[in-house]
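Asker: task: produce atomic coordinates for the following.
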Amino acid sequence: MGNLLVGQSGGPTAVINSSLAGVVSAGLRSGRKVYGAINGINGVVGEHIISLDKFEDEKMLQLLKQTPSSYLGSCRKKLPAVDEEEAVYEKIFSVFQKYDIEYFLYIGGNDSMDTVDKLYRYAQKTGKNLKIAGVPKTIDNDLAGTDHTPGYGSAAKFVANAVRQLTLDAKVYDINSVTLVEIMGRNAGWLTGAACLARDKYFHGADIVCLPEVPFEMEEFLRQIERKNKTCKSLIVAISEGIKDANGTYICEYSDKKSNQDDQFAHAVLGGAGRTLEHYIKKNLGYKTRTVELNTLQRCFSQGAAKNDVEEAFLAGQKAVEWLENGDNGFMICFDRKDTAWYEIDYTPKPVADIANLEKKMPLSMIEKDGSGVTDEFFDYALPLIQGEPELICKNGMISFCTRA
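Answerer: Now for the predicted structure:
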């Protein structure tokens, strides 16, 4: 019986360590030695690998489940094509051999599944005895092949609660005002759409949402504000950081202060759409306007996590190990929602080659025709994902964490 190695990659979430706990618990239960790669695939290349035996202690495992960010650290490393720079792959697989790794699991999003796919294809090409699986995570909820992703439910819950409370704060003064809430989401509006979950029959929540799936028009945006302002003086507008115009230009790039940096996967570094629109509203309408950037709080606020999300993330890690033990290989564990009156999912392995580098955007059926809100279909989809409050271990009024130090 070989050993198990697990790594984490990409942006953290409030429940990525719950998936790690699931992988570790299943690995230890099978009798394997379990290792962690520090800072993802970079930790494999650099042989920065640690034992995770301390999580045989159930209390430590529970602390890990509620710890935000990435316990093992992360990276944004793009591997070369399989038929290029074979030395990189030989180095990675030499480390696998040195530590007698039979199972390698990588917890991450779109770009991380690209890494899983490439490692799997190289192993198949060279006849390496290694089983590889991806465990999904992303607050963007944009992974193909799965109903939703661990991390999204907790981030959506945070966004909905933040908007709900910001709405009350904005209504304090009897003046025309606009509060712009900038929310993460490059090309998919799932998380920005969650701002509408703050709404009920007594509470208006987000009045307008601006989603990447709908081309953004500056003048139409002003008209929407003026129309809404006739019935509500204090407006809440939820904006995806990735909104762009009909030409594909990000609205944040309208600002002279925008940098043109890209990350290693050639994704533009976003941020500033809210500030851009804040100045535009002030200049053209004269309303009191402010921007609230939820920023990384969206992905690390574990004290407000959704219990459903925590438990599903844990089971995703466990199920991935179990499917490897059943002989499956080169897959990502996916969630399939059952067609029942109540919310229920199945955990299914699907070929990672069918998932890597693809994006799942919000369907137009979930977006109102004028693009300024979401439909009941979105509420039916998202509300089950934000349910429940996990029981947390706390000390001195603060949530307890698990750290490597």
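Asker: helices or strands next to the lowest-mean-pLDDT helix or strand in the chain in the packing?
Answerer: Lowest by mean pLDDT, DSSP states H and E among the helices and strands of the chain is helix 297-300, with a mean of 89. Counting by 3 or more C-beta pairs under 8 Å, 6 or more residues apart in numbering; DSSP states H and E, the packing neighbours recorded for helix 297-300 are helix 152-170. All C-beta spots, glycine's among them, are computed from the backbone N, C-alpha and C.
Asker: format the CA atom coordinates belonging to the helix it packs on as PDB.
Answerer: The C-alpha trace of helix 152-170 is given here as PDB (Å, rounded to 0.1, in the frame of the first residue of the first chain):
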ATOM      1  CA  TYR A 152     -19.600  28.900  -3.000                       C
ATOM      2  CA  GLY A 153     -22.400  28.300  -0.400                       C
ATOM      3  CA  SER A 154     -20.400  30.000   2.400                       C
ATOM      4  CA  ALA A 155     -19.300  32.900   0.300                       C
ATOM      5  CA  ALA A 156     -22.800  33.400  -1.000                       C
ATOM      6  CA  LYS A 157     -24.100  33.300   2.600                       C
ATOM      7  CA  PHE A 158     -21.600  36.000   3.500                       C
ATOM      8  CA  VAL A 159     -22.500  38.200   0.600                       C
ATOM      9  CA  ALA A 160     -26.300  37.900   1.300                       C
ATOM     10  CA  ASN A 161     -25.900  38.800   5.000                       C
ATOM     11  CA  ALA A 162     -23.500  41.600   4.200                       C
ATOM     12  CA  VAL A 163     -25.900  43.200   1.700                       C
ATOM     13  CA  ARG A 164     -28.800  42.600   4.000                       C
ATOM     14  CA  GLN A 165     -27.100  44.600   6.800                       C
ATOM     15  CA  LEU A 166     -25.700  47.300   4.500                       C
ATOM     16  CA  THR A 167     -29.200  47.900   3.300                       C
ATOM     17  CA  LEU A 168     -30.300  48.900   6.800                       C
ATOM     18  CA  ASP A 169     -27.200  51.100   7.200                       C
ATOM     19  CA  ALA A 170     -27.900  52.900   4.000                       C
END
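Asker: state the distance from the residue lying farthest from the centre of the chain to residue 288.
Answerer: Here the chain reaches farthest from its C-alpha mean at residue 174, the gap being 37.3 Å by C-alpha atoms, centre = their mean. Noted for residue 174: a distance of 11 Å to residue 288, by C-beta to C-beta, to the nearest Å.
Asker: please report phi then psi for the closest residue to residue 167 other than its chain neighbours.
Answerer: Sequence neighbours aside, residue 236 is the residue nearest to residue 167 in space, at 5.3 Å (criterion: C-beta to C-beta, 6 or more residues apart in numbering). Here is the backbone geometry of residue 236 (degrees, to the nearest 10): phi -110, psi 120.
Asker: for residue 236, give me the pLDDT.
Answerer: Reported pLDDT at residue 236 in the predicted model: 95.
Asker: how close does it sit to residue 228?
Answerer: Here the distance between residue 236 and residue 228 works out to 10 Å (C-beta to C-beta).
Asker: of the two, which one has the most company?
Answerer: Neighbour count, other C-beta atoms under 10 Å: between residue 236 and residue 228, residue 236 has more, with 28 against 18.
Asker: ok, now which ones touch residue 111?
Answerer: 9-10, 76, 78, 265, 357 (C-beta atoms under 8 Å, 6 or more residues apart in numbering).
Asker: ok so, going back, and for residue 236 and residue 228, which residues touch both?
Answerer: 207-208.
Asker: re the thing from before, measure the residue farthest from the centre of the chain to residue 282 for me?
Answerer: 19 Å.
Asker: which residues in this structure form strands?
Answerer: 3-8, 34-37, 49-51, 101-108, 131-136, 177-183, 208-210, 234-240, 288-293, 331-337, 345-351, 394-395, 398-399 (DSSP state E).
Asker: distance to residue 251 for those - can I get that in JSON lines?
Answerer: Formatted as JSON lines, those follow (distance: least, C-beta to C-beta, whole Å):
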{"stretch": "strand 3-8", "distance to residue 251": "31"}
{"stretch": "strand 34-37", "distance to residue 251": "37"}
{"stretch": "strand 49-51", "distance to residue 251": "43"}
{"stretch": "strand 101-108", "distance to residue 251": "28"}
{"stretch": "strand 131-136", "distance to residue 251": "29"}
{"stretch": "strand 177-183", "distance to residue 251": "10"}
{"stretch": "strand 208-210", "distance to residue 251": "8"}
{"stretch": "strand 234-240", "distance to residue 251": "8"}
{"stretch": "strand 288-293", "distance to residue 251": "13"}
{"stretch": "strand 331-337", "distance to residue 251": "32"}
{"stretch": "strand 345-351", "distance to residue 251": "35"}
{"stretch": "strand 394-395", "distance to residue 251": "40"}
{"stretch": "strand 398-399", "distance to residue 251": "35"}
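Asker: the closest residue to residue 156 other than its chain neighbours - how many residues pack around it?
Answerer: Residue nearest to residue 156 in three dimensions, not counting chain neighbours: residue 194, with 3.6 Å by C-beta to C-beta, 6+ apart. Residue 194 is flanked by 34 other residues according to other C-beta under 10 Å.
Asker: for residue 294, see how far away residue 194 is.
Answerer: For residue 194 relative to residue 294 (C-beta to C-beta), the value is 11 Å.
Asker: please enumerate the shared neighbours of those two.
Answerer: With C-beta under 8 Å, 6+ apart as the test, residue 194 and residue 294 both reach 159, 183.
Asker: what's residue 328 in contact with, if anything?
Answerer: Per C-beta under 8 Å, 6+ apart, neighbours of residue 328: 131, 133, 349.
Asker: against residue 250, how distant is the last one?
Answerer: Relative to residue 250, residue 349 is positioned 36 Å away (criterion: C-beta to C-beta).
Asker: what sits against residue 369?
Answerer: Counted by C-beta under 8 Å, 6+ apart, residue 369 has zero contacts.
Asker: quick check: pLDDT value at it.
Answerer: Confidence score, pLDDT, at residue 369: 94.
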